[in-house]
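Participant: Predicted structure and sequence below. I'll ask about it afterward.
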Amino acid sequence: MKFAGILAAFAAVLCAISCASNPPRTGGAADESSREGFKNLMDSVVKIDVWTTSQKDGGNRIDRSIGSGVIMTEDGMILTNSHVVNEYAVKLVVTLANLERVPAKFVGWDHWTDLAVIKLDTDDLRRRNIKFSHAKFGDSDTLAPGDEVYAVGTPHGFARTVTRGIVSNTTRYFEGTILNSGYETGVFNTWIQTDAAINPGNSGGPLALPNGDVVGINTRAYTNSNNLGFAVPVNAAKSAMEELLKRGRVRRAYIGITPAPLQDMEKFFDLDMNKGALIRNVDAGSPAKIAGVLPGDILLKINGREIDGRFPEQLPAIMSYIASLPIGSDVKLEIMRDGRILEKTAKSEELESRVGREYALEKWGAGMREITKPFARQEKITADSRLMVIGIRSGFPFELAGIEPGDIIISVNRKKVSDSKDLQAAYDEFVKNKKDTLFGVLRNFSISYHIVKPQEK
């Protein structure tokens, strides 16, 4: 599995680790305790074989990949990366430290932090009398550059591999990072940078202290360079995991602003140092836009809380605070514009990705994607329908009817189609009755109609 970012000269890759064994032994009771803790960590690290479904040119295909994870609870909950496991997973097999292979099920994922949770099939474990260990959460807030850390996982398929290094930086920031799938990530957290070797094939493995405490989840590496690896801080991972266990996803508030650092601009704006953040962008149609916030405004306070965005590394904390606010609540923004202090109120919405869920309706030869609000705003899509054709299979009904990728389905047999549930109902009826079906589609802001015919046997 590969991980990609849109940063110049940066291409994220799947994480992994290579080489080695337990931490060196120097003797003493404290060292014995650390060795025991590290052994427990090693017993908690797993290899994950993943079978994932995806649509390709209007049909379904299954891809297989390998990643890593770490068991973090006594009931078999495994923390890993969302680019290893996500909602498209159709089969999961976990290899434990004792080499036993156990089925697992998908629990939830959060691409914003690139994290996912899966669960061991504990019924299968009991039937086969298989035991397992779980790791211990550390505290990533206590890390400092120079701290010794170990990365554990399955680089290039080599399970239970360890590398040793140090913490190089505790607040590394990447702006505008995108996964290979197109999903956004890294908006709400900084990263732990380490020189412990991280290689393709071991995303989701733990970054740990010599005593075995997990302080990060290994996620990415800098391409074409040695000793530049990155992990999600475990405090952020623990918070996301708690939400994933509750509802399978992390709900966050959204108002539609993108902050930028104010460093070296305080004098121009006549601001005290460490006060405020520049608003670089306001999303079209967003709550902030509706409230009258403009690009170039200085954000001073949110709900009375002072904002400090002088440096890039401070921006994720601003976004994280906005995300933590109640969805649907009034968010009071104090801004400065042309030297004047203004107050604006935006009603928060639930954060959505620009990328919608994708699936194939094979009898039609159609690949579909759900249109999210951010995508609709960006592409100026005003239709009520939230379904776009993204793939067409040659020789199948959609292609023969003249429907094309990029078309938006707005009606079937003159009945409005708003979401995947509506379209699935129309598809099921088509498959059952095998009758000609009239589709209304929006293409280039113009509506056209197409008759989709059942394939002849």
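Facilitator: Done, it's in.

Participant: contacts and neighbour counts: CA atoms only from here.
Facilitator: Fine.

Participant: can you give me the strands in the stretch 351-457 of the chain?
Facilitator: 358-361, 366-370, 387-392, 408-412, 415-416, 437-443, 446-452 (DSSP state E, counting those that start in this stretch).

Participant: Convert the C-alpha atoms of the first one to CSV, please.
Facilitator: Right, strand 358-361. Extracted in CSV, the C-alpha atoms of strand 358-361 (Å, rounded to 0.1, in the frame of the first residue of the first chain):
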residue,chain,number,x,y,z
GLU,A,358,-17.3,4.8,-4.5
TYR,A,359,-18.9,1.6,-5.7
ALA,A,360,-19.9,-0.3,-8.8
LEU,A,361,-23.3,-1.4,-10.1
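
Participant: So in that sheet, which strands flank that strand, and in what orientation?
Facilitator: According to DSSP bridges, strand 358-361 forms sheet pairs with strand 366-370 (antiparallel).

Participant: The strand it pairs with versus strand 408-412: what angle between them?
Facilitator: 100 degrees (axes from the mean of the first three to the mean of the last three CA atoms, to 10 degrees).

Participant: quick one: strand 366-370 to strand 387-392, angle?
Facilitator: Going by the same axes, to 10 degrees, strand 366-370 makes 140 degrees with strand 387-392.

Participant: Now do strand 366-370: everything it contacts.
Facilitator: 55-59, 355-361, 386-393, 398, 419-420 (CA atoms under 8 Å, 6 or more residues apart in numbering).

Participant: In PyMOL, how would I select just the buried ones from these?
Facilitator: If you want just the buried ones from these in PyMOL, going by 16 or more other CA atoms under 10 Å, the selection is:
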select buried, resi 55+56+57+58+59+355+356+358+359+360+361+386+387+388+389+390+391+392+393+398+419+420
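
Participant: can you tell which of the strands of the stretch 351-457 of the chain is closest to T345?
Facilitator: strand 366-370 (30.1 Å; CA to CA).

Participant: Let me see the mean pLDDT of the closest one.
Facilitator: Averaging pLDDT along strand 366-370 yields 97.

Participant: same deal with stretch 254-274?
Facilitator: On average, stretch 254-274 scores 89.

Participant: Now tell me what touches it from outside.
Facilitator: 276-283, 286-289, 308-312, 315, 318, 322-323, 327, 339, 346-351.

Participant: how long is that stretch from one end to the other?
Facilitator: 24 Å (CA to CA, to the nearest Å).

Participant: Likewise for stretch 397-408?
Facilitator: 16 Å.

Participant: center of the protein, which residue is that?
Facilitator: H111 (0.8 Å; CA atoms, centre = their mean).

Participant: isn't that residue right next to E184, touching?
Facilitator: Yes. Contact criterion CA atoms under 8 Å: H111 and E184 qualify, at 6.6 Å.

Participant: Determine the three-state secondary structure at the nearest residue to A97 once chain neighbours are set aside.
Facilitator: Excluding its sequence neighbours, the residue lying closest to A97 (CA to CA, 6 or more residues apart in numbering) is D43, at 5.2 Å. Counting by DSSP: H, G, I helix; E, B strand; the rest coil, the backbone at D43 sits in helix.

Participant: ok, back up a step: now the residue nearest to the centre of the chain: how far from N81?
Facilitator: Counting by CA to CA - H111 and N81 are separated by 8 Å.

Participant: ok now do D49, which residues does it touch?
Facilitator: Going by CA under 8 Å, 6+ apart, D49 touches R64, S65, I66, G67, L92, V93, V94.

Participant: what's the helix or strand containing the third one packed up against?
Facilitator: Which is I66. Using DSSP states H and E, I66 sits in strand 59-71. Helices and strands touching strand 59-71, as assessed by 3 or more CA pairs under 8 Å, 6 or more residues apart in numbering; DSSP states H and E, comprise strand 45-56, strand 77-80, strand 358-361.

Participant: Which of the contacts of stretch 254-274 fall in helices?
Facilitator: P287, A288, K289, L315, I318, I322, A323 (DSSP state H).

Participant: what ranges of the stretch 201-350 of the chain fall below the confidence cut-off?
Facilitator: Low-confidence segments of the stretch 201-350 of the chain, defined by pLDDT under 70: none present.

Participant: For D422, see how far away the residue nearest to A383 when sequence neighbours are not counted is.
Facilitator: Spatial nearest neighbour of A383, excluding adjacent residues (CA to CA, 6+ apart): I410 at 7.5 Å. For I410, the distance to D422 (CA to CA) stands at 10 Å.
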